[in-house]
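>>> how would this look folded up:
(chains A, B and C)
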Amino acid sequence: MTAAALLPILDLVGVAVFAISGALAAGRKSLDLLGVIVIAIVTSVGGGTLRDLLLDRTAFWIVNPKYLVTIIVAALATMAYVRFRRPPDKALQVADALGLAFFAISGAQIAETSGTGGLIAVVMGTITGVFGGVLRDVLCAEIPMILRKGNIYATAAIAGTSAYVVLQDAGVARLWSAAAGMLVIAGLRLAAIIWSLSLPVFTINERR
Amino acid sequence: MTAAALLPILDLVGVAVFAISGALAAGRKSLDLLGVIVIAIVTSVGGGTLRDLLLDRTAFWIVNPKYLVTIIVAALATMAYVRFRRPPDKALQVADALGLAFFAISGAQIAETSGTGGLIAVVMGTITGVFGGVLRDVLCAEIPMILRKGNIYATAAIAGTSAYVVLQDAGVARLWSAAAGMLVIAGLRLAAIIWSLSLPVFTINERR
Amino acid sequence: MTAAALLPILDLVGVAVFAISGALAAGRKSLDLLGVIVIAIVTSVGGGTLRDLLLDRTAFWIVNPKYLVTIIVAALATMAYVRFRRPPDKALQVADALGLAFFAISGAQIAETSGTGGLIAVVMGTITGVFGGVLRDVLCAEIPMILRKGNIYATAAIAGTSAYVVLQDAGVARLWSAAAGMLVIAGLRLAAIIWSLSLPVFTINERR
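Next comes the predicted model:
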């Protein structure tokens, strides 16, 4: 009961956190007011939208406009806040890790509801968690952050959604599997931030 | 009657104008013949295609191939014309403002037909008007023009589609609401061009 | 019988070849392990996915996860191979030409199955063949290779799918039309590589 009541709130918090990260990225590129809102929207709904298109569902924010309202408010609040203070980078990274954890697991659950197998649920969960950030970087004409060196980001999403799928297959209840999956994602992501963990880089030696 | 007969012509004119703007952008990047046609197609149909994907409709240019034919002819004509004369930049900006006005309002109308509310109609109208240009800029590896400083472009689309939605809610007839919405878009866009209007820029001061 | 039995194998070979080309592109950008796999997946399934979205079909790799498994294995094998030897560039270009031929014609056939006309079948075949590579280049923040000078790539796909459509309209059997179309694509592509053929470039002379 309490957990179920918490979900819609977590959902909107995740959307708001991603909107803030989008607005800050836009600020670093000196976009105008509207550009900031557009980037905030794209960062926030991009992942879930691609998931919905691929699963042949109507995009979630069309069904319920509360998401767009939340994003616009969060982007405007970010712009107002940053006029007076530095963005609280540490707090935002923690919030972003929680948002990623929540989005990835809920994306995997939505894929399961559509009747897909485990591998596709992992892919859909990962897309839901990371694709908004990819679009944000592409629109700002940068190589997406998740592809560059030293970011355990999509990796965390893949590990957590895989844990969720494996636990469920092993008979663990849905709620506990989801909690464990989120813990894996947020834990890996925070560990990567604190100790600067990274995956090995693959470089082609053209001169060999 | 006359207005209804005018719509399909306006529709093709809008497609052709966007194709010309795409072909000219491709020319500035020295793409080859085919690259020019691809960019012209993407610029022209990109917005309506994303709208159709999001609303779960079949993309409009698949249903009726006259759009692709119009775009290819417009792109080839642009390449031929530019071999002999400079592109008529002023005339094109006016044509582009009209194209934007027409596409945004017709996009909002299509969203309404799918049974969405006012906020989503505004978003869909804006996407229809501006997303093709975003794709054009992303493919040319630039930050999208609509996000950069000094372009009242998406802003004009948002203002005009909002006017259209509000007027209809207030009981104004559909045709007149649409005309007023288009007037707002074209007017704002032309005013922005003539007097170099722009929205305030949001910059993060990293040193505060 | 033999030809029909060959198709699924060709299909997976095409997927693997595109995954290898994606992994090599990622290596040139020094992405990490996961970035390499993501780029390999996007390069490989991007074209077919856009085709399926546009035709309102479920994306082909969601229906059957063997594609993802093939891609991940191919990407990992590429990374292992390149640690010890230079990539066999010549062999890969030939394999890529065959992959393009197969993907474009099978994309056109899938469009036909959805009841579209000839022009749309050509567009869908071309999208299936080239769009994965476009996404690969956009994610690596480059102007897509197919749009730049000196690449008869999309052109080959357009020519071959057009040949396929025209031959079928002329009454040639489906299998032979498909074989001829693939021959046109692979032949044009290989000829362009061997003799460095290119289309004329369209440049705007701003000073006229």
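>>> and the longest helix for chain A?
helix A:2-28 (DSSP state H).
>>> in it, what's buried?
A:10-27 (16 or more other Cβ atoms under 10 Å in any protein chain shown). For every residue, glycine as well, the C-beta is placed using N, CA and C.
>>> chain B next: which of those residues are close?
Restricting the buried residues of helix A:2-28 to those touching chain B (Cβ under 8 Å from any Cβ of the partner chain) yields A:23-24, A:26-27.
>>> grab the most central residue of chain A for me.
In chain A, the residue lying closest to the centroid (Cα atoms, centre = their mean) is A:Gly129, at 3.2 Å.
>>> ok, and the closest non-adjacent residue to that residue?
Closest residue to A:Gly129 apart from its sequence neighbours, by Cβ to Cβ, 6 or more residues apart in numbering or on different chains: A:Ala104 at 3.6 Å.
>>> wait, that neighbour touches A:Ile185, no?
Yes: with contact defined as Cβ atoms under 8 Å, A:Ala104 counts as touching A:Ile185 (5.8 Å).
>>> quick check: neighbours shared by those two?
Overlap of the contact sets of A:Ala104 and A:Ile185 (by Cβ atoms under 8 Å, 6 or more residues apart in numbering or on different chains) consists of A:129, A:157, A:160-161.
>>> buried sites along the host helix or strand of A:Trp176?
Element membership for A:Trp176 (DSSP states H and E) is helix A:174-195. Buried residues in helix A:174-195, counting neighbours by 16+ other Cβ under 10 Å, are found at A:177-182, A:184-186, A:188-190, A:192-193.
>>> so what does it touch, helix or strand wise?
helix A:89-113, helix A:154-169 (3 or more Cβ pairs under 8 Å, 6 or more residues apart in numbering or on different chains; DSSP states H and E).
>>> got these as a markdown table, with mean pLDDT columns?
Compiled in a markdown table, the helices and strands packed on helix A:174-195 are given as follows (pLDDT from 0 to 100):
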| stretch | mean pLDDT |
| --- | --- |
| helix A:89-113 | 85 |
| helix A:154-169 | 92 |
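>>> pLDDT value on A:Thr116, please?
You'll see A:Thr116 listed with a pLDDT of 81.
>>> make sure it is indeed in a helix.
No: using DSSP: H, G, I helix; E, B strand; the rest coil, the secondary structure at A:Thr116 is coil, not a helix.
>>> so what's it closest to, chain neighbours aside?
With Cβ to Cβ, 6+ apart as the criterion, A:Thr116 has its nearest non-adjacent residue at 6.2 Å, and that residue is C:Ile62.
>>> which residues touch the helix or strand encompassing the one you found?
Remark: C:Ile62 resides in helix C:60-63, with elements defined by DSSP H and E. With contact meaning Cβ under 8 Å, 6+ apart, helix C:60-63 is reached by A:54-55, A:116, A:120, C:45, C:48-49, C:52, C:67-68.
>>> pLDDT-wise, what's the bottom of these?
Here the lowest pLDDT out of the contacts of helix C:60-63 sits on A:Thr116, with 81.
>>> how about that one, phi and psi?
Main-chain dihedrals, A:Thr116, degrees, to the nearest 10: phi -90, psi 170.
>>> any idea how far it lies from A:Gly171?
In this view, A:Thr116 and A:Gly171 are 20 Å apart by Cβ to Cβ, to the nearest Å.
>>> so between these two, which is more surrounded?
Each of A:Thr116 and A:Gly171 has its neighbours counted (other Cβ atoms under 10 Å in any protein chain shown); A:Thr116 has more, 21 against 7.
>>> can you name every helix or strand that the helix or strand of chain A with the lowest mean pLDDT contacts?
Ranked by mean pLDDT, DSSP states H and E, the weakest helix or strand in chain A is helix A:2-28, scoring a mean of 77. If contacts are counted by 3+ Cβ pairs under 8 Å, 6+ apart, helix A:2-28 sits against helix A:33-54, helix A:66-84, helix A:89-113, helix A:118-139.
>>> I'd assumed A:Ala23 was in contact with A:Met79.
Yes: if you go by Cβ under 8 Å, A:Met79 and A:Ala23 touch, sitting 6.5 Å apart.
>>> which of the ones next to chain B among the buried residues of helix A:2-28 sit farthest apart?
A:Leu24 and A:Ala26 (7.3 Å; Cβ to Cβ).
>>> from what I see, A:Met124 and A:Arg51 are in contact.
Yes: under the criterion of Cβ under 8 Å, A:Met124 makes contact with A:Arg51 at 5.1 Å.
>>> and for those two, which residues touch both?
Residues touching both A:Met124 and A:Arg51 comprise A:107, A:110-111, with contact defined as Cβ under 8 Å, 6+ apart.
>>> just among those, which is most surrounded?
Busiest of the shared contacts of A:Met124 and A:Arg51 [other Cβ under 10 Å] is A:Gly107, holding 29 neighbours.
>>> ok, A:Gly140 touching B:Ile143?
Quick fix: residue A:140 reads Cys, not Gly. Yes: between A:Cys140 and B:Ile143 a contact is recorded at 6.2 Å, counting by Cβ under 8 Å.
>>> now the common contact residues for these two.
With Cβ under 8 Å, 6+ apart, A:Cys140 and B:Ile143 have common neighbours A:Lys29.
>>> quick check: closest non-adjacent residue to A:Leu54.
For A:Leu54, ignoring the flanking residues on the chain, the nearest one in space by Cβ to Cβ, 6+ apart is C:Ala59 at 5.1 Å.
>>> that neighbour and A:Leu50 touch, don't they?
No: using Cβ under 8 Å as the test, C:Ala59 is too far from A:Leu50 to be in contact (10.4 Å).
>>> shared neighbours of the two, anything?
Residues touching both C:Ala59 and A:Leu50 by Cβ under 8 Å, 6+ apart: none at all.
>>> returning to what we had before: which one among the buried residues of helix A:174-195 gets closest to C:Ser198?
For these, the minimum distance to C:Ser198 (Cβ to Cβ) is 45.0 Å, reached by A:Ala192.
>>> what about that closest one, distance to C:Leu33?
Look at A:Ala192 and C:Leu33: by Cβ to Cβ, they are 14 Å apart.
>>> flag every residue of chain A that's near chain B.
Neighbours of chain B within chain A, by Cβ under 8 Å from any Cβ: A:23-24, A:26-36, A:38-39, A:49, A:53, A:56, A:58-59, A:62, A:65, A:68-69, A:79, A:82, A:85-87, A:138-141.
>>> for the closest residue to A:Ala95 other than its chain neighbours, give me its contacts.
Nearest residue to A:Ala95 in three dimensions, chain neighbours excluded: A:Val17, at 4.4 Å (Cβ to Cβ, 6+ apart). Counting by Cβ under 8 Å, 6+ apart, A:Val17 touches A:92, A:95-96, A:98-99.
>>> export the residues you listed as JSON lines, with columns for neighbour count.
Below are the contacts of A:Val17 laid out as JSON lines (neighbours: other Cβ atoms under 10 Å in any protein chain shown):
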{"residue": "A:Leu92", "neighbour count": "16"}
{"residue": "A:Ala95", "neighbour count": "18"}
{"residue": "A:Asp96", "neighbour count": "20"}
{"residue": "A:Leu98", "neighbour count": "19"}
{"residue": "A:Gly99", "neighbour count": "26"}
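>>> wait, isn't A:Ala191 in contact with A:Leu197?
Yes: using Cβ under 8 Å, A:Ala191 makes contact with A:Leu197 at a distance of 6.2 Å.
>>> residues that sit against both of these two, list them.
A:Ile152.
>>> chain neighbours aside, what residue packs nearest to A:Trp61?
A:Tyr67 (4.3 Å).
>>> distance of the one you found relative to B:Leu119?
Distance, A:Tyr67 to B:Leu119, by Cβ to Cβ: 10 Å.
>>> who has more neighbours, these two?
A direct count of neighbours by other Cβ under 10 Å for A:Tyr67 and B:Leu119 places A:Tyr67 higher, at 22 against 17.
>>> the more buried one touches A:Val15, doesn't it?
Yes: counting by Cβ under 8 Å, A:Tyr67 does reach A:Val15; the two are 5.5 Å apart.
>>> who touches both of those two?
Listed as contacting both A:Tyr67 and A:Val15 by Cβ under 8 Å, 6+ apart are A:44-45.
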